[in-house]
Structure formats: structure tokens, C-alpha cells
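Student: need the 3D shape of this:
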Amino acid sequence: MTARLSKALIVDSATRLVVQAREVAPPSEGAAPLALISTFITIEAAPPLPPRPAIATHASPRHSVLIPTLNGRQTLEVVLPDLLSRIPDGVEVVVSDNHSEDGTWEFINSLRDERLTVLQPPERVDYASNADWAYRHARGEWLGHLGDDDQILSSRFAVIDDIASHSDAEMIYANRIRYYWPNFMATELANTLDGATFSDTVILMEGDEVARRSINSGNVRHTGAVVLHRNLIRRVRDIMGGRFMAQRLAEYTSYRVAAGLSAGVAFVNRPIVVIGRHDKSIGTSMHHDSGAGTAYGTDLEENIGSHHEGTGFHFLGQQPFSFEAALAAASTLAPRIGPCPIDYALWRERVVADLGNQVAKGRISSEAAAGIQAAGDAALAQAIESQTASPRPIGTPVPIEPSWGWRGRLNGRRIGATSITEVGDWFETTFAERQATSSLAYKQSTDAMVDWVDA
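Tutor: Numbering: from 1, shown residues only. Modelled structure (predicted):
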């Protein structure tokens, strides 16, 4: 039953109605079991309601920027206000807080920006599930997620819109700038940028062709540099049990599956994001110090894992993880786009090299590594012997043409930057003319000279 009161009867927003039945008539044929004959209504003050998540209420946006976070207040205090200053109309920012313990929830809600949607999953979950929660609640037409230590570039949305208007691409792979935060644990890298070169050609490819190449790529494009149309995300969910971000395997499976289902994929060699490397990053724990992100809640066993189904190699490393995700993507796509051949020999080579790196870092003993490799070699021997080599180059097409950017590591002090936000400002000022979409040229991969890069 719905009761409506005139505004004159409402004392405050917490007014409560109590409705009681005095007489109850027996049910008649076709009627509800109980019929209310007469009532009296009393009004009493309700206790205060618990705080609710801040949900954006404006019209459906064109773009959604998603940020899954866990104990990210330290980095979000730097990047989130600046991000909100960079976005134009028609963009929403969705932050999914994974039940942080450092005041992240309170900080995000304190911003009170109508373009900001703040969420929490029902309970703490792994990284992939938290990111999936953000995708479920985003309302934009074009969606992509960042780390909580990354920063977008203002030109991001114009580039996406230009590609959408010139192609049928439902998935966009862009480039990125990588920046190491000033407090990064490897002090020789702190406040520096990796070398980066860019160009102005957009390479267009069929989605199934991209998927087959990416199946044998050792890595996937970094989050923040990949954007997908919501219709494509919906199709991925339809064949992956209702999820876009695969359980644990996350974008390492989901991006490959999405490519296979996409009407087209566009590769643009321009940056749309500054990727931050901070002590809390999963990548820092994986590549620099396995305990680096512990204080922030990073759990490599939960987010990467030591058991990799189908690979034969079971240890905590990026390459067996990526191999497992590629196998999952290939089996998911095969009934829909046909066979996605696996280059088992190439994957074994990568995984063995990763295993050697783990030994060199002191994470795995030489004796244990020998046992891991023996088991892996035995598991893959038949597949390697029977495989037929694929003639396709793998990875990402990069145009061979005049480029711009910088070569070699760049120290932030040289460009007057001591934070990720200042790096973004420097890039947008220094290369302002290079960011115009009018200079973008569109070509099919078969009509352009390209290098294939395994990324």
C-alpha cells in the first residue's frame, strides 16, 4: 500500500508512517487474502537513516571513468580532484571502494560532486570483482577503468569520440605515459617517466583478428588505455556468466574476449592516460617487491595466484597468469569465432624466463624452480609437439611513421613536475598541437606499414 501525505503534514524528511488495520474482512473469490477496511494513521519521528552512497543523478553520460580502489586515499587525494577538473560535460566518474580501512570512503564522499558516483560491493572482494562492480553500475556509452594511482589526460574523450565517428570500433586501444610516483620504493625511478613515442595514425582491425593475435601476446594493454562500448561489455557478460571482469583473471581474459566479440578494434598511438606506478600497485608487488603493497591490501595470491589452470606451470608470476588467461579466452571464444590457436612453445619460453626471474629475485629457490619447470614441460610436451605454427605476427600494430614524444627516461625535475597531475599538465601544454583530433588519420592494418609489439 502506498500512502501519500500533503507537504503540510510532513515534519521533516525522516517522518515515518505507521499504518494499522482495525478490521480485517475475510477474502472473497479473486481477492487478496486480506482486505483492509479501515485504518488510522499516526506519524512519529524515525531514527536517522544510515549514510547512503553518493549516486550521480544527471542524465546518462557519454563516458564513464571507473576507479576500483582499496585503501587508496593517499593517491586519490592527489588524482581525484584533479581528474574531476579535467573532465568535460557528459562524463561520469565511478569509484568503487572495496571496504577500505584508511578513510577512502569518507574522503570520496566528502567531494560531493554530482559527476561522481561512489559505490561499495556488499563485502570485500578481489580486485577483479570490485572492478566488475564498478562496470555494473556505470551508465556511460564508453567505459574504461583506471588504477587509483593513475590520471587521465584531458584529450582522452575527444580522441574516443573522433574514433567512434570514423569507424565501427567498439574497443579502443590507446597509448599511455608511465610515471613513477615520488615516493616509489625504487628510488632511482622515483619521479621519472618512461621513454615514450607517439604518432597520428589510427589502425583499424577486425575484432576476431585482434583476438587471435592477443591470445598469444604475453601481456594486455594497460587499464586506463583501453575503452569499450557498453554494448560490447554486455555481450561479454552474456557469455561469461554475467561478469565482464573475469574472476581473478580480470582484464587479462576480458579484454581478449571483448576483442573477439567486437565489430572492430581501433589502435591509436596517442596517450589518453598517465599510468602511475606507486608502492601500492599490484604491478609494483609483482615486479619489484612482493611485499610492497601489503600495507594497502595488495594480496598477490588472491589477485594473481600460484595455480594456473591448463598451463602446467604453477608459481606466482605474470607470464603463467597471462598464459592461463589466454587459454580461458581461447576456449570461451572458440565456439563463437572459431579456433584461436595457442602457440604453446612461445608461451613455455615466456613462462620459463619468468620463472628464472623469480629465482633471481630470491622468491623461488633453484631446487623448487627445477621441479616447477619439469612438471610444466611434461604437461605441455604433447601440445608443443602437435601444434602448427601460426603465421600471424602477435601483439599490437604500431605505425611505422614519423613519431613524437621523448626517448629514454625523463626526470620529473627536468620538466618542472613533482606529481602525476603536474606530469599531465606538462604533457598537455608541451604537446598541445599534437593532441588535435584533426590530425588523426585512419587506415586498415593491411594498408599501413606497422610493427607488431607484444603488448
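Student: per-residue pLDDT, the residue positioned nearest the centre of the chain?
Tutor: The residue lying closest to the centre of the chain (CA atoms, centre = their mean) is His145, at 3.7 Å. Predicted confidence (pLDDT) at His145: the value is 97.
Student: doesn't Ile67 make contact with it?
Tutor: Yes - counting by CB atoms under 8 Å, Ile67 is a contact partner of His145 at 6.7 Å. In short, each C-beta sits where N, CA and C put it, glycine included.
Student: quickly list what's touching both of these two.
Tutor: Common contacts of His145 and Ile67 (CB atoms under 8 Å, 6 or more residues apart in numbering): Ala134.
Student: how near is the residue nearest to the centre of the chain to Ala250?
Tutor: His145 sits 10 Å away from Ala250, going by CB to CB, to the nearest Å.
Student: Ala258 too?
Tutor: According to CB to CB, Ala258 and Ala250 sit 12 Å apart.
Student: in which helix or strand does the closest residue to Leu261 other than its chain neighbours reside?
Tutor: Setting aside the residues directly before and after it, Leu261 is nearest to Arg235 in space (CB to CB, 6 or more residues apart in numbering), at 4.9 Å. Element membership for Arg235 (DSSP states H and E) is helix 230-239.
Student: quick check: next helix or strand after that helix?
Tutor: Immediately after helix 230-239, counting by DSSP H and E, sits helix 250-261.
Student: who does that next one touch, helix- and strand-wise?
Tutor: The contact analysis (3 or more CB pairs under 8 Å, 6 or more residues apart in numbering; DSSP states H and E) places helix 250-261 against helix 127-137, strand 171-180, helix 207-215, strand 226-229, helix 230-239, helix 318-337.
Student: centre of the chain to the fourth one, how far?
Tutor: Translated: strand 226-229. Remark: strand 226-229 is offset 10 Å from the chain centroid, using CA atoms, centre = their mean, to the nearest Å.
Student: contacts for it next, please.
Tutor: Residues outside strand 226-229 that contact it (CB under 8 Å, 6+ apart): 141-144, 160, 164, 170-174, 220, 251, 255, 258, 272.
Student: equivalent analysis for the first one, please.
Tutor: With contacts defined as CB under 8 Å, 6+ apart, helix 127-137 is touched by 66-70, 94-96, 98, 117, 119, 121, 125, 143, 145, 233, 243-251, 282, 302-303.
Student: hmm, back to that, of all the contacts of strand 226-229, which two lie farthest apart?
Tutor: Glu141 and Val220 (22.6 Å; CB to CB).
Student: those two - which one has more neighbours?
Tutor: Val220 (23 against 17; other CB atoms under 10 Å).
Student: which helix or which strand is home to that one?
Tutor: Counting by DSSP H and E, no helix or strand carries Val220.
Student: so which of the contacts of strand 226-229 would you say is closest to Leu76?
Tutor: Gly144 (17.5 Å).
Student: mind checking how far the residue nearest to Leu261 is from Ala263?
Tutor: Relative to Ala263, and taking CB to CB, Arg235 is found at 10 Å.
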